[in-house]
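Trainee: this one's sequence-less:
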């Protein structure tokens, strides 16, 4: 969905009004699919509509960042435990290599995308549908927060090694160590995002 991508990549800014007629004209489509896209974006928490005022890109707050990343940490911590128990860690290998390719190319957008893909695969590998549904419902907001805050908590050279250490702990069946490695990183990113938003508001 092109409107979603415009929001998560920061082309449509927090608080910016979305006009159906203008958006349809820009995309070269009728208003009906734009209206349906906006309905879906409301469900995802990326836009908000107010009577007599219209539809606007959601402005995420410092508290939103804290809540989203703390819930994400809890979900992925559980996913780690389940994946280690099932010994299904090999599904994560390709996403780490894809991440390394993006780092080598200095493609930060690619690094963010492949990083999120790693965490999506982790949640899928947990074989826990409700966990995956909740994570998926937040994933767009997570991506938006990364764009909005211009988040660079970890430098490109640190991203892949951190994931490799995590995978090594999982392969060694060190579930608790892997869980806390992951939770610690997610919570620190959340703190960084919250502080960035607080400073800008």
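Mentor: Structure's in. What do you need? Source: prediction; values computed, not measured.
Trainee: going forward, measure contacts between C-alpha atoms and count neighbours the same way
Mentor: Noted.
Trainee: quick one: low-confidence parts of this structure?
Mentor: 1, 147-155, 201 (pLDDT under 70).
Trainee: residue 55 sits in which helix or strand?
Mentor: Per DSSP states H and E, residue 55 falls inside strand 54-57.
Trainee: what's whichever helix or strand comes after that strand packed up against?
Mentor: On the C-terminal side of strand 54-57, the closest following helix or strand by DSSP H and E is helix 62-86. Applying 3 or more C-alpha pairs under 8 Å, 6 or more residues apart in numbering; DSSP states H and E, one finds that helix 62-86 contacts helix 108-125, helix 129-148, helix 156-171, helix 175-200.
Trainee: rerun at 6 Å
Mentor: For helix 62-86, the packing partners by 3 or more C-alpha pairs under 6 Å, 6 or more residues apart in numbering; DSSP states H and E come out as helix 175-200.
Trainee: hmm, back to that, please identify the pairing partners of the strand holding residue 55 and their relative orientation?
Mentor: strand 17-18 (antiparallel), strand 47-50 (antiparallel) (DSSP bridges).
Trainee: now do the domain split for this protein, please.
Mentor: 2-57, 62-200 (automatic domain parsing).
Trainee: start and end of the first one, how far apart?
Mentor: Spelled out, that is domain 2-57. Domain 2-57 has an end-to-end distance of 14 Å (C-alpha to C-alpha, to the nearest Å).
Trainee: save the strands paired with strand 54-57 as TSV, and put in mean neighbour count and distance to residue 64 too.
Mentor: Formatted as TSV, the strands paired with strand 54-57 follow (neighbours: other C-alpha atoms under 10 Å; distance: least, C-alpha to C-alpha, whole Å):
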stretch	mean neighbour count	distance to residue 64
strand 17-18	18	20
strand 47-50	16	14
